[in-house]
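Engineer: Next one to model:
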Amino acid sequence: KEEHFHANRIIHRTIVEQTNNGFLVELFDNIWNRGISIRSFSAYRIPDPADDRGQHLELLEQLRSGNAGEAEAAMVKHIREGLANHMGWLSEQAG
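Structural biologist: Got it, this is the predicted structure:
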C-alpha cells in the first residue's frame with residue numbers, strides 16, 4: 001500500500017512537472033502533502049490496481065506521443081475516474 005502511494009505521487013508529480021509551470025508544481029505539492037490527502041489515500045483501496053496501473057501507462061504513452069488532444073483526453077479520463085473512485089470510497093466511509 002505504501003509503495004503504491006509513493007509511486008502514485010511520483011507519477012502524478014512527474015506529469016505536473018512537464019507543464020514547466022512552477023506555480024502548478026507548488027500547488028500540486030501543497031495539495032498532495034496535506035494531511036487529509038495522505039491519510040485518505042493511505043486508507044483508500046484502489047478498486048483494481050491493474051486498471052490503475054494501466055491508466056497511468058496509457059496517460060504516459062499519450063504524453064510521450066506529443067498529441068496534446070489525446071494526452072488531454074487521457075488526463076481528463078484519469079482525473080474523473082479517480083474522483084469518482086474517491087467519492088465512492090468517502091461515501092462508504094461516511095456510512
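Engineer: Wait, residue 81 touches residue 52, no?
Structural biologist: No - taking contacts as C-beta atoms under 8 Å, residue 81 lies outside contact range of residue 52: 9.0 Å. For the C-beta atoms, the positions are set from N, CA and C on the backbone; glycine is no exception.
Engineer: Looking at those two, which one has more neighbours?
Structural biologist: residue 52 (17 against 14; other C-beta atoms under 10 Å).
Engineer: Just the element for that one, please.
Structural biologist: helix 49-65 (DSSP states H and E).
Engineer: elements contacting the next helix or strand after that helix?
Structural biologist: Next along the chain after helix 49-65, taking DSSP H and E as the criterion, comes helix 68-94. With contacts taken as 3 or more C-beta pairs under 8 Å, 6 or more residues apart in numbering; DSSP states H and E, helix 68-94 sits against helix 35-43, helix 49-65.
Engineer: List the buried residues in the helix or strand residue 12 falls within.
Structural biologist: Element membership of residue 12, judged by DSSP H and E, is helix 2-17. For helix 2-17, burial by neighbour count (16 or more other C-beta atoms under 10 Å) applies to 8-9, 12, 15-16.
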